[in-house]
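this one's structure only:
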């Protein structure tokens with residue numbers, strides 16, 4: 001893996017962190033200036049880039065890869081007010097523009113799927129492909145109690161010790177007050193309506209055992225986006241940590257990017 005380099009970037013009036021793994025240019029290669037689009041990874045509520053590290057590493061073997069810690073998450077300064085989904089999307093777009101990354105495949109996990117949808121709506125010309133991993137919030141389960149129950153089931157029965165350790169240690173760092181403020185934002189965002197306004201092709205990825213992003217919900221989102229659904233067997237909500245190789249393959253194949261293919265994830269594609 002190309003070791004990520006952290007940059008502290010202020011964009012859209014807020015401060016966040018971007019972790020970049022860029023491939024070195026090949027001397028004398030005329031295609032260096034015509035690189036494939038980069039892949040940008042965005043975390044969900046309460047967490048950070050840390051649970052994206054395995055996926056970041058798998059993707060960085062083939063393409064320029066960036067992971068973002070949004071303002072108020074991970075080790076970034078907390079804004080003086082809760083940001084709506086649109087503001088996080090503006091941060092993603094502004095931060096990547098400052099890094100000179102003008103077009104990219106945008107990948108969001110959980111609440112990060114909402115940020116990805118919104119960024120693709122704001123500047124569709126910059127985002128040729130959108131990938132939503134374990135997207136929220138299921139329109140048939142729109143209460144906090146239902147979401148909490150699903151998350152509890154996931155952590156107890158379908159996650160690995162390492163994924164639980166990453167997620168819950170980040171939750172502690174986030175703190176209950178900031179988490180709950182952002183939870184309200186997450187619950188109010190109409191994912192199923194906004195996804196229909198995304199012009200780019202959309203891939204929805206879920207762990208086959210994920211109780212948070214159900215098969216029915218993910219299938220409905222894919223249909224509204226005229227997208228595709230990929231189910232990764234043997235894992236739950238934090239699919240990108242527990243099955244990083246399969247998820248990386250699904251993303252690269254979907255976006256037509258170079259990479260090593262095993263065929264495991266591709267067999268899971270559904271129209």
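Received the coordinates, thanks. All values derive from a computational prediction rather than experimental measurement.

Need the pLDDT of residue 142.
Among the per-residue scores, residue 142 holds a pLDDT of 89.

Contact partners for it?
Under the criterion of C-beta atoms under 8 Å, 6 or more residues apart in numbering, the contact list for residue 142 reads residue 187. Glycine gets a C-beta too; all of them are placed from N, C-alpha and C.

try residue 105
With C-beta under 8 Å, 6+ apart, residue 105 has these contacts: 37-40, 127-131, 251, 255, 257.

I'd like to know which of the residues you listed are part of helices.
251, 255 (DSSP state H).

Buried among the contacts of residue 105? Make that a PyMOL selection.
Written as a PyMOL command, the selection of buried residues from the contacts of residue 105, which uses 16 or more other C-beta atoms under 10 Å, is:
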select buried, resi 37+38+39+40+127+128+129+130+131+251+255+257
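
Save the contacts of residue 105 as TSV, and put in distance to residue 181 too.
TSV is the format used below for those (distance: C-beta to C-beta, whole Å):
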residue	distance to residue 181
37	33
38	31
39	29
40	25
127	27
128	33
129	31
130	26
131	27
251	31
255	34
257	36
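
Residue 218: which of the contacts of residue 105 is nearest?
Taking C-beta to C-beta as the measure, residue 131 is the one of these closest to residue 218, at 12.1 Å.

So the closest one versus residue 93, what's the distance?
Using C-beta to C-beta, to the nearest Å, one obtains 16 Å as the distance from residue 131 to residue 93.

circling back to that earlier point, in a markdown table, list the contacts of residue 105 along with distance to residue 10 and pLDDT.
Conversion of those to a markdown table gives the following (distance: C-beta to C-beta, whole Å; pLDDT from 0 to 100):
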| residue | distance to residue 10 | pLDDT |
| --- | --- | --- |
| 37 | 24 | 93 |
| 38 | 20 | 97 |
| 39 | 23 | 98 |
| 40 | 18 | 98 |
| 127 | 22 | 98 |
| 128 | 26 | 97 |
| 129 | 27 | 98 |
| 130 | 25 | 98 |
| 131 | 27 | 98 |
| 251 | 28 | 98 |
| 255 | 29 | 96 |
| 257 | 30 | 94 |
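
list the buried ones in stretch 152-164?
Of the residues in stretch 152-164, those scored as buried under the neighbour-count criterion (16+ other C-beta under 10 Å) are 153-155, 158-159, 163.

mind listing which of these are in strands?
With strands identified by DSSP state E, none of the entries of the buried residues of stretch 152-164 belong to them.

of all those residues, which comes closest to residue 172?
Comparing the buried residues of stretch 152-164 against residue 172 with C-beta to C-beta places residue 155 closest, at 14.0 Å.

The residue lying closest to that closest one once chain neighbours are set aside and residue 209, how far apart?
Counting by C-beta to C-beta, 6 or more residues apart in numbering, residue 155 lies nearest to residue 164, which is 5.5 Å off, once chain neighbours are set aside. Look at residue 164 and residue 209: by C-beta to C-beta, they are 14 Å apart.

show me the contacts for the closest residue to residue 23 other than its chain neighbours.
Across the structure, with C-beta to C-beta, 6+ apart as the measure, the residue nearest residue 23 apart from its sequence neighbours is residue 64 (5.9 Å). For residue 64, the residues meeting the contact criterion (C-beta under 8 Å, 6+ apart) are 20-23, 35, 38-39, 101.

redo that, cut-off 10 Å
Residues counted as contacts of residue 64 (C-beta atoms under 10 Å, 6 or more residues apart in numbering) are 2, 20-23, 35-40, 99, 101, 104.

where along the stretch 101-250 of the chain do the strands fall?
Ranges of strands within the stretch 101-250 of the chain are 104-109, 130-133, 202-207, 228-232, based on DSSP state E, counting those that start in this stretch.

Let me have the ones you listed in a markdown table, adding distance to residue 71 as columns.
Below are those laid out as a markdown table (distance: least, C-beta to C-beta, whole Å):
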| stretch | distance to residue 71 |
| --- | --- |
| strand 104-109 | 16 |
| strand 130-133 | 21 |
| strand 202-207 | 25 |
| strand 228-232 | 30 |
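
Which pLDDT value goes with the residue lying closest to residue 227 once chain neighbours are set aside?
Using C-beta to C-beta, 6+ apart and skipping the chain neighbours, the partner closest in space to residue 227 is residue 202 (3.4 Å). Confidence per residue is given as pLDDT, and for residue 202 that number is 98.
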